[in-house]
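A.B. asks: Quick one, structure for this:
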Amino acid sequence: MDPIARNAGTPHPYGAEEGDRQPAPAFNSAGDDAGIPLHPGAKRLFDRAPVLRRIPIFGETCEAYGPACTISLALSYLLCKGIASSIFTFSFYPMFRTRFGIDAGRYQRLSAVMKLAWAMKASTAMLCDTFAFLGYTKRWYMFASCVMGSVFALLYALLPSKPSSADFATAFAALSKYGIATVDILSEGYYSRLMRKIPEAGPALVSWVWWIITIGSLLASILQGPLSDLKMPQVGVFIAAGLQFIASLIYLFNLYGEKTNCEERIEDAGNMHKKLLLEIEKGKALCWKEGKEDSLDVDQGKALQLEVSPELLLPQPINGCCGLIEINKEVVMRNKRIVVLSIIMTAAAIIMAFGNLFVGKLGLLIICVVVSLVCSVMSFWGLPLIIAKANVMIYLNTVLYIQLPGLLDSFYLAKEDCLPDGPHFSNTFYNTIAVGIIGNLTGLVGITAFNYIFSKWKYRLCIIVTTLLWMSASVFDLIMLKRWNIKIGIPDHIMYVCGDAIIGQVCYMLAWMPPGVLLSRLCPRGSESTVYALLAGFANLGAATSISIGAILMEHVWPIKSNPPCDFKNGPWLVIVGHILLPLLNIPLTLLLPNVRVCDNIDIDGNVISKTTDEESHVKPAKDSNEVH
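C.D. replies: As a prediction, the model looks like this:
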């Protein structure tokens, strides 16, 4: 049956006006075929243009969450994380290696600092969840982040072209990307609330966001590649600054439709009240089943219901600064350990940044080891067990794939005076054609495959398949570094496209999307931004640690020379160890993930929750966590 016809009679929990702002759950049938209520705004849109419902991913997302939410999220991610952030990524090599003239080793270290901008957003999310500014926990922070991010981008682009500018450029670029990261994590906190309400449409929403990010990356590559070949990479950075400023208008006019802090706290209290009442009813049912009807008399039942009344659960924000700020004290009190963990992770990111900038090889190695141990151990102290295990697995998954931008970017883009028999790729081919057009188009295939295929798989299987695919893509890098493809008559351009451009980009999408869904499932109510930022920040800290370890290997174990005359003879060893052997350790680490499907709604213990009615919920335990599949 047509999805619209199937759900047309299902009333949406909010009226038409409120439904335009934000959806709420209402499941009308049992089992896996539970219907998703048709959003009032989506119904009006589909009545006028039924063909829009047939658009893959967009139709399903819009049906559940409404057109206003779907389109505003798309605009935000297109301008910030899609185009602006990708321009920074594509311009990094030409800005630092060509414009500022630093070598590959230094470039590798500064790449790690850029990654750390994404690892530091946990403390920002903690502050935003705790201190609502002008009545909102996300809106005005995102507005300020876009404005300040555009300012730092301008400063980055205006620096003089000399080696001494590299460290300042890294700081300005990292701060601008930190603004993008803030918008990203607060947006993730926003849509994680939506996914908690309608989890069945969660994979479609994540796929929609990644579709938009990929399209933005495609547009950025088309722009930045030719600019880099024309030796004008700074022009793209100017454009990124303008796009960040334009994105600020989305939050200025609250196109997200974010509710005020008080409204969200009332909503959280109502959800908590409903959950506790269900626990009371389950307790009564258990007593009746065991023949202990007298163990819970009427007076006791009334007392328990009084104790969990919404009025008593309603948090009361503390007003400060003449009403400009509302302090959600209960968010901090309820998540004390998470707050401490956020501070520790932010401190670790700052230490890692200074280590890459100013510390030698041994000191950087010590920092990497200490940061990994402290953050992993503290995860089990500060987070529920299932979240901690998933967090450590995601962190180690990124650490064990040693990223080598200093080696691979320098090898593929080396000029003839540096490497006479090298690939000699132009920025237009490397960033625009291979990564931008071919890579992103295949990435869209990966996103679609995730929504329609991988969303029915278990998290463990998704990670294992992705790891094996990523290793196979690295074999192409190894062949090109050894120049074996030339000996058998395969051109460099074709070889690269068949490897990193296609397989690598699909793997990148598939590696990040299942953890993204899992993290959204596990975020506690009322502090979505903080917890999501903490878990996503750990993944980015792992990526920065991976790049830092790659810098140590390049400087101490298998050094390369990126200035004429260049020497990349140790490159194959770096790829074999960092891209093929170490990632194999990720396969046994998948046992840390819950043994459930990506599309399953799970509780904090890793059990699958199947909604049967609005009033009842039955918990189906996951299979043994040590079961091998």
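A.B. asks: C-alpha from now on. contacts and neighbour counts both.
C.D. replies: Fine.
A.B. asks: what does stretch 430-441 rub up against?
C.D. replies: 90, 214-215, 217-226, 412-413, 496-497, 500-502, 504-506 (CA atoms under 8 Å, 6 or more residues apart in numbering).
A.B. asks: Would you mind confirming that N540 makes contact with L116?
C.D. replies: Yes: contact criterion CA atoms under 8 Å: N540 and L116 qualify, at 6.7 Å.
A.B. asks: So the two - more neighbours on which side?
C.D. replies: L116 (28 against 25; other CA atoms under 10 Å).
A.B. asks: what's downstream of the strand or helix carrying that one, the next helix or strand?
C.D. replies: Element membership of L116 [criterion: DSSP states H and E] is helix 104-119. Downstream of helix 104-119, the first helix or strand assigned by DSSP H and E is helix 121-130.
A.B. asks: residue ranges of the strands in the protein, please?
C.D. replies: With strands called from DSSP state E, the chain shows them at 131-133, 318-320, 325-327, 608-611, 617-620.
A.B. asks: If you average pLDDT over each of these, which is lowest?
C.D. replies: The stretch with the lowest average pLDDT out of the strands of the chain is strand 617-620, scoring a mean of 45.
A.B. asks: and the nearest residue to M195 once chain neighbours are set aside, what does it touch?
C.D. replies: Excluding the flanking residues, the one nearest M195 by CA to CA, 6 or more residues apart in numbering is G202, at 5.1 Å. Neighbouring residues of G202 by CA under 8 Å, 6+ apart: 195, 517, 599.
A.B. asks: Going by neighbour count, which of the residues you listed comes out on top?
C.D. replies: Counting neighbours by other CA under 10 Å, M195 leads those with 26 neighbours.
A.B. asks: Could you tell me the model confidence score at W288?
C.D. replies: Predicted confidence (pLDDT) for W288: 48.
A.B. asks: hang on, the earlier thing: tell me the mean pLDDT over the helix holding L116?
C.D. replies: For helix 104-119, the per-residue pLDDT averages 90.
A.B. asks: Confidence-wise, which helix or strand of this protein is lowest on average?
C.D. replies: Lowest on mean pLDDT, DSSP states H and E among the helices and strands of the chain sits helix 3-7, with a mean of 38.
A.B. asks: Give me the neighbour count for C69.
C.D. replies: Applying other CA under 10 Å, we find 23 residues neighbouring C69.
A.B. asks: oh sorry, the question was meant for N485
C.D. replies: 17.
A.B. asks: Can you tell me the closest non-neighbouring residue to it?
C.D. replies: Nearest-residue entry for N485: I479, 6.3 Å, with adjacent residues in sequence omitted and distances by CA to CA, 6+ apart.
A.B. asks: now the one you found: how far from I503?
C.D. replies: Shown here: I479 relative to I503, a distance of 15 Å by CA to CA, to the nearest Å.
A.B. asks: If you count surrounding residues, which of these two has more?
C.D. replies: Ranked by neighbour count (other CA under 10 Å), I479 and I503 place I503 first, with 23 against 16.
A.B. asks: on that earlier part again, need the contacts of G202 in a markdown table with pLDDT, can you?
C.D. replies: Converted to a markdown table, the contacts of G202 look like this (pLDDT from 0 to 100):
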| residue | pLDDT |
| --- | --- |
| M195 | 82 |
| V517 | 76 |
| C599 | 72 |
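A.B. asks: Give the rounded mean pLDDT of stretch 75-83.
C.D. replies: Mean predicted lDDT for stretch 75-83 stands at 96.
A.B. asks: for stretch 203-212, same thing?
C.D. replies: For stretch 203-212, the per-residue pLDDT averages 87.
A.B. asks: ok, and what's touching it?
C.D. replies: With CA under 8 Å, 6+ apart, stretch 203-212 has contacts from 57-58, 60-61, 73-74, 77-78, 82, 195, 444, 447-448, 450-451, 455, 509, 513, 516-517, 598-599.
A.B. asks: who touches I367 in this structure?
C.D. replies: Listed by CA under 8 Å, 6+ apart, the contact partners of I367 are 351-352, 355.
A.B. asks: cool, and I464?
C.D. replies: Residues in contact with I464 (CA under 8 Å, 6+ apart) are 586-587, 590.
A.B. asks: Also L593?
C.D. replies: Going by CA under 8 Å, 6+ apart, L593 touches 386, 389-390, 393, 459-460, 625.
A.B. asks: domains of this protein?
C.D. replies: The chain breaks down into these domains under automatic domain parsing: 3-54, 65-260+331-609, 261-329.
A.B. asks: which of those domains is buried the deepest?
C.D. replies: Comparing the domains of the chain by mean neighbour count (mean count of other CA atoms under 10 Å), domain 65-260+331-609 ranks first with a mean of 21.
A.B. asks: in the stretch 501-629 of the chain, which spans are helices?
C.D. replies: For the stretch 501-629 of the chain, the helices defined by DSSP state H, counting those that start in this stretch occupy 505-522, 528-552, 571-575, 586-589.
A.B. asks: So which other helices or strands are in contact with the last one?
C.D. replies: For helix 586-589, the elements it packs on are helix 385-399, helix 459-481, judged by 3 or more CA pairs under 8 Å, 6 or more residues apart in numbering; DSSP states H and E.
A.B. asks: could those helices be laid out in JSON lines, adding mean pLDDT and distance to A104?
C.D. replies: Shown next, in JSON lines, are the helices and strands packed on helix 586-589 (pLDDT from 0 to 100; distance: least, CA to CA, whole Å):
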{"stretch": "helix 385-399", "mean pLDDT": "86", "distance to A104": "20"}
{"stretch": "helix 459-481", "mean pLDDT": "87", "distance to A104": "16"}
